[in-house]
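Peer 1: For reference, the sequence and a predicted model appear below.
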Amino acid sequence: MTYALVRPILLDLNSFAHATGLHPEAVRRLVALGLLEPARDAKGDLCFPPAQVALAARIQRLHTGLSLNYAAIGLVIDLLDRIEELETTLRSLSTRH
């Protein structure tokens, strides 16, 4: 069994919405679509790790910059993450030789 030495920093819905520039209802919609993955606090309210702020910014850039709908954004993010993994693997293999 492991124990956390410090409590993780989580943003409540309003703080997260403020940090991302999104309306709280827009944040809820992104959660419902599975684009953001919040935690829940003891009361069951949405809580977001700070890393989700960068993900929300990425979602906004894809939505506005490429005019992608939210269903397509999920696919594009998955593909971009996979490309990043493959490039990292390729770099580590090329440094070994």
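Peer 2: Yes, it's here. Numbers count the residues shown, from 1 in each chain.

Peer 1: and the biggest helix by length in the chain, which residues are buried?
Peer 2: For the chain, the helix reaching the highest residue count under DSSP state H is reported as helix 70-96. Within helix 70-96, the residues that qualify as buried are 73-74, 77, counting by 16 or more other Cβ atoms under 10 Å. In short, each C-beta sits where N, CA and C put it, glycine included.

Peer 1: try stretch 44-52
Peer 2: Quick answer for stretch 44-52 (16+ other Cβ under 10 Å): 46-48, 52.

Peer 1: Next, the contact list for the nearest residue to L33 once chain neighbours are set aside, please.
Peer 2: Nearest residue to L33 in three dimensions, chain neighbours excluded: Y70, at 5.1 Å (Cβ to Cβ, 6 or more residues apart in numbering). By Cβ atoms under 8 Å, 6 or more residues apart in numbering, the contact set of Y70 is 29-30, 33, 35, 59, 63.

Peer 1: just A57 next, same as before
Peer 2: A57 makes contacts with T20, as judged by Cβ under 8 Å, 6+ apart.

Peer 1: Just the pLDDT at it, thanks.
Peer 2: We have a pLDDT of 96 for A57.

Peer 1: three-state assignment of it?
Peer 2: Recorded secondary structure, A57: helix (DSSP: H, G, I helix; E, B strand; the rest coil).
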